[in-house]
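> build me a structure from this.
(one chain, ligands or ions: 2)
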Amino acid sequence: MLYEDDIDAILRLKRDRNAVILAHNYQTPEIFHGVADIVGDSLALARKAAEVDADVIVLAGVHFMAETAKLLNPDKTVLIPDLAAGCSLADSITPADIALLREAHPGVPVVTYVNTSAAVKAASDICCTSGNARQVVESLGVPRVLMLPDEYLAKNVARETDVELIAWHGRCEVHELFTAADVRELRDSWPGVTILAHPECPPDVVAEADFSGSTAVMSDYVGQQKPARVVLLTECSMSDNVAVDHPDVEFVRPCNLCPHMKRISLSNIRAALELNQHEVTIDPAIVEPARRAVQRMLDV
Ligand code: 13P
Ligand code: SF4
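Residues are numbered from 1 along each chain as shown. Ligands and ions are numbered 1, 2, ... in the order given. The predicted structure is shown next:
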C-alpha cells in the first residue's frame, strides 16, 4: 500500500524515541487517522501539549502550534516536520505593530489569536483561539479590547458580545475565500444542507451559515446533530477526517486547501523522527511573557 512503509516506520520510531504526534484537524487522513496520538483544534492541541509526558513532540500542524507546544512544555524536544509551514495570520502582525497599537489605544488590553508568532504573543496580554475567543474577551471585564490579528474573527466575535473590539487587518488566506454567494449557491444546489462556517470566514458568510465554531466544535456538531447533509466551510481535510467517523452523513465538499498545513506529510514526519528535525526553539528573552499570555488563556 501507498503509505504503509511510512506508517510502519513512524509507529516504530515513536516507540524507539518515546515520541507523540499531535495533529491538527486540517492534517490529511493518513496522518490524522494513521499516525497521530492526539488530534484536535488549536485549543485542544495547546491543552494536550502541556500534558505530554513523552520525550519528543512532533507537531503535525503549522509553526505557531509547535511554538505553543514548546512554550507550554519547554523541557520536551518539539519537532516540526517542515519549518516553512507558516500561516497568513501569523505573518500579518509584528511586535512593533502591537507597540504602535498600544500607543494609539492606551490602557486597552491586547488579546491575540494563537495564530501568531511567539514574539507577538510575548507582546500581548492574553491569547485566544477560535474556540474560546468570546470567553477570553469577556473575562477581562473591560469595555474595549484590541483583538488581533484576525479581522474577521474579531468581527464575528463582536456580534456575540457587548465588548467593543478593535481589530487588525489580518486574514486567513483559506477562509477569506468563502463568500456569502457561495453559501446561497450551496443552499440552492444541495437542498436541506446544513452549513457550518469557521469563524475565520468573512462575517457575511458566518451570518448566512447555520452554525459557526472552531474545527473541534464543528466536528462535535456533526457528531451530535447528525445532519443528513452537511458542508464545512473550512480547510479541505476537515471533511475527510470527520467523514471517516460518520459514514451516514453526506459531506458536500467545496473547501479550500491550506498550503501551510499541506506541507506536512508522512514522509517528512518520518524524517523528523529519524533525523530529529526541525527542532523548535524560542528566544529566551520572550519565552516568559509569551508563555504567560498562553497560560492566562488556558486558565480562563
Ligand atoms: P481551530 O482548529 O482552532 O479552529 O483553528 C483553525 C485554524 O485555522 C488553525 O490554523
Ligand atoms: Fe493559517 Fe488559515 Fe492555514 Fe489556519 S488555515 S494555518 S489560519 S492560513
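
> tell me the SS of the residue in the stretch 201-300 of the chain positioned nearest to ligand 2?
Of all residues in the stretch 201-300 of the chain, Cys258 sits closest to ligand 2, with a separation of 3.4 Å (Cβ to the nearest ligand atom). Where C-beta positions appear, they are placed from N, C-alpha and C, glycine not excepted. For Cys258, the reduced secondary structure class is coil; criterion used: DSSP: H, G, I helix; E, B strand; the rest coil.

> how near is Ile178 to ligand 1?
Just to correct that, residue 178 is Phe rather than Ile. When Cβ to the nearest ligand atom, to the nearest Å is applied, the distance between Phe178 and ligand 1 equals 13 Å.

> pLDDT value on that residue, please?
Phe178 carries a pLDDT value of 98.

> cool, Leu153 as well?
We note a pLDDT of 98 for Leu153 in this prediction.

> quick revisit: do I have it right that the residue of the stretch 201-300 of the chain closest to ligand 2 meets Glu235?
Yes - under the criterion of Cβ atoms under 8 Å, Cys258 lies in contact with Glu235, with a separation of 4.8 Å.

> give me the common contacts of the two.
Both Cys258 and Glu235 are contacted by Tyr26, Val174, under the criterion Cβ atoms under 8 Å, 6 or more residues apart in numbering.

> give me the number of residues near the closest residue to Ala44 other than its chain neighbours?
Setting aside the residues directly before and after it, Ala44 is nearest to Ala216 in space (Cβ to Cβ, 6 or more residues apart in numbering), at 5.7 Å. Neighbours of Ala216 under the rule other Cβ atoms under 10 Å: 19.

> the one 5 residues further on now?
Burial of Tyr221, expressed as a neighbour count using other Cβ under 10 Å, amounts to 20.

> name the residues of the helix or strand where it lies that are buried.
In this assignment (DSSP states H and E), Tyr221 forms part of helix 215-225. Across helix 215-225, burial judged by 16 or more other Cβ atoms under 10 Å covers Thr215, Ala216, Val217, Met218, Ser219, Tyr221, Val222.

> go on, stretch 16-28?
Under the neighbour-count criterion of 16+ other Cβ under 10 Å, stretch 16-28 has Arg17, Ala19, Val20, Ile21, Leu22, Ala23, His24, Asn25, Tyr26, Gln27, Thr28 buried.

> is any residue of the host helix or strand of the fourth one near ligand 2?
What it means is Ile21. Assigned by DSSP H and E, Ile21 belongs to strand 19-24. No - using Cβ under 6 Å from any ligand atom, strand 19-24 stays clear of ligand 2, with a minimum separation of 8.0 Å.
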